[in-house]
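Undergrad: this is a predicted model, with the sequence first.
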Amino acid sequence: MRIALDAGGVFLVKPSIGELERYAGRRLDEDGVRAAARHLVSSGKAEHVAVTFGVGGALLVNAAGETRLPARKVPVKSAVGAGDAFVGGMVHALTTGAAIDDAFLWGSAAGAAAVMTEGVELCHRADVEALHAAWVAERASVDRSGGAA
């Protein structure tokens, strides 16, 4: 990750909080994570930074601003592959024409769906689609109510 970011011009980077801390060389609280992600964007190292916090949810930072999603309450069976599923969900959505904000929802849904499976089994499409639909519905509810879900 360091080599790619130091070269600059990365379209999307998805570090976990631990990976971002290793890149920054220090522990980061939520404000520190936001600052580090904003720096990656403002310095041209990355266009979009999606940081995952495990049970703490995820944060997307880009020139348009920030989107913070809490973790979905799902039955947790294994965290193996959740970060990879998150990236896969985002990349799949982007390659099918989704906007970055919706791709972030797809990634979050895929990551949450992955923890619902045993061992090295990855996410199930139906779970990803249901979780994504729930986030879309919640966001629509917030938009209609002016900020309160």
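TA: Cool, the structure landed.

Undergrad: got a list of what Ala98 touches?
TA: Trp106 (CB atoms under 8 Å, 6 or more residues apart in numbering). For glycine as for every other residue, the C-beta is placed from the backbone atoms N, C-alpha and C.

Undergrad: what ranges do the helices span in this protein?
TA: 2-7, 17-24, 30-42, 82-95, 100-115, 125-145 (DSSP state H).

Undergrad: among those helices, which is the most enclosed?
TA: When the helices of the chain are scored by mean count of other CB atoms under 10 Å, the highest mean neighbour count falls to helix 100-115 (a mean of 25).

Undergrad: coming back round to it: JSON lines for the helices of the chain, including mean pLDDT and distance to Gly65?
TA: Converted to JSON lines, the helices of the chain look like this (pLDDT from 0 to 100; distance: least, CB to CB, whole Å):
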{"stretch": "helix 2-7", "mean pLDDT": "93", "distance to Gly65": "20"}
{"stretch": "helix 17-24", "mean pLDDT": "96", "distance to Gly65": "18"}
{"stretch": "helix 30-42", "mean pLDDT": "97", "distance to Gly65": "10"}
{"stretch": "helix 82-95", "mean pLDDT": "96", "distance to Gly65": "17"}
{"stretch": "helix 100-115", "mean pLDDT": "95", "distance to Gly65": "10"}
{"stretch": "helix 125-145", "mean pLDDT": "82", "distance to Gly65": "15"}
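
Undergrad: indicate which one of these is closest to Glu66.
TA: Among these, helix 30-42 comes nearest to Glu66, with 6.7 Å by CB to CB.

Undergrad: follow-up on the earlier one: can you put the helices of the chain in a markdown table and add distance to Lys73?
TA: Output for these, formatted as a markdown table (distance: least, CB to CB, whole Å):
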| stretch | distance to Lys73 |
| --- | --- |
| helix 2-7 | 32 |
| helix 17-24 | 19 |
| helix 30-42 | 20 |
| helix 82-95 | 15 |
| helix 100-115 | 9 |
| helix 125-145 | 10 |
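
Undergrad: nearest to Ala64, out of the ones you listed?
TA: Nearest of these (CB to CB): helix 100-115, 8.1 Å.
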